[in-house]
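Participant: Predicted model, plus sequence, below.
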Amino acid sequence: MKRTLTTVAAITFFAVAISFAADHEKMHELMMKQGGPKADERRELTMHDPMKVMHKGMMRQHLDTLSEITSALAVNNLKEAADIARTNLGWSKERGEQCSVFEPDKDGSDFTKLSTAMHKQADKLADAAEAGNRDKTLTALSELITRCNDCHKIFRH
Ligand code: HEC
């Protein structure tokens, strides 16, 4: 009985080891295709964990907003796209105050510039949608997504 158990444990161990090695090899292959291992050189926002949880929640909300804007544009509802963009992402003094909670430097860093640029781009999208220009609205949406990633490329948690 004891010997059977030992054999089962040994087989399980080798099976896990082989599958780990295969996964590792696939990961290594993918990493080399992406130019090899790199350090994450983005600037860290040194906040407490609960703040990070809150910030990430707000970020996922932003992604939902982009989805809602896209859905409205898909059915040519430009008014709804404008309202969603303006209400959920547009620039305002209150929005600026909210963003400043996450600003890492007392004197202001690129974080504030990048968040302001993103929110102001949402207003440009709303302007284009209110003017009834669907093509311009779609271009503004693409630029808005770029503004999101401008910050993701520089800052991290
Ligand atoms: C001024 C900076 C900034 C802007 C602008 C910004 N983000 Fe982020 N976002 C961050 C940071 C920092 C993180 C954390 C990245 C990490 O995990 O290290 C993040 C994370 C995220 C995440 C991951 C959330 C999770 O649950 O892990 C999503 C999704 C996201 N952002 C969406 C967006 C979208 C959509 C926009 C634009 C509408 C946007 N962000 C604009 C800074 C920004």
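Facilitator: Looks like it came in fine.

Participant: Quick check: Thr139 vs the ligand, distance?
Facilitator: 16 Å (CB to the nearest ligand atom, to the nearest Å). C-betas here are computed from N, CA, C, even on glycine.

Participant: Gly57: neighbour count?
Facilitator: 9 (other CB atoms under 10 Å).

Participant: And the pLDDT for the nearest residue to Ser115 once chain neighbours are set aside?
Facilitator: Setting aside the residues directly before and after it, Ser115 is nearest to Cys99 in space (CB to CB, 6 or more residues apart in numbering), at 4.3 Å. Per-residue confidence (pLDDT) for Cys99: 95.

Participant: Now do the SS call for Cys99.
Facilitator: helix (DSSP: H, G, I helix; E, B strand; the rest coil).

Participant: Which parts of this protein are strands?
Facilitator: 43-44, 155-156 (DSSP state E).

Participant: Which one, of those strands, ends up nearest to the ligand?
Facilitator: Nearest of the strands of the chain to the ligand, taken as CB to the nearest ligand atom: strand 155-156 at 3.3 Å.

Participant: Report the mean per-residue pLDDT for that closest one.
Facilitator: On average, strand 155-156 scores 98.

Participant: And this protein, split by domain according to the record?
Facilitator: Following automatic domain parsing, one finds the domains of the chain at 1-38, 45-156.

Participant: returning to that earlier point: who's in contact with the residue nearest to Ser115?
Facilitator: Phe111, Thr112, Ser115, Thr116, His119 (CB atoms under 8 Å, 6 or more residues apart in numbering).

Participant: Show me how to select, in PyMOL, the buried members of those residues.
Facilitator: Filtering the contacts of Cys99 down to the buried ones (16 or more other CB atoms under 10 Å) takes a single PyMOL command:
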select buried, resi 111+112+115+119
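
Participant: Serialize the contacts of Cys99 to JSON lines and add fields for pLDDT.
Facilitator: Listed next are the contacts of Cys99 as JSON lines, based on pLDDT from 0 to 100:
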{"residue": "Phe111", "pLDDT": "97"}
{"residue": "Thr112", "pLDDT": "96"}
{"residue": "Ser115", "pLDDT": "97"}
{"residue": "Thr116", "pLDDT": "98"}
{"residue": "His119", "pLDDT": "98"}
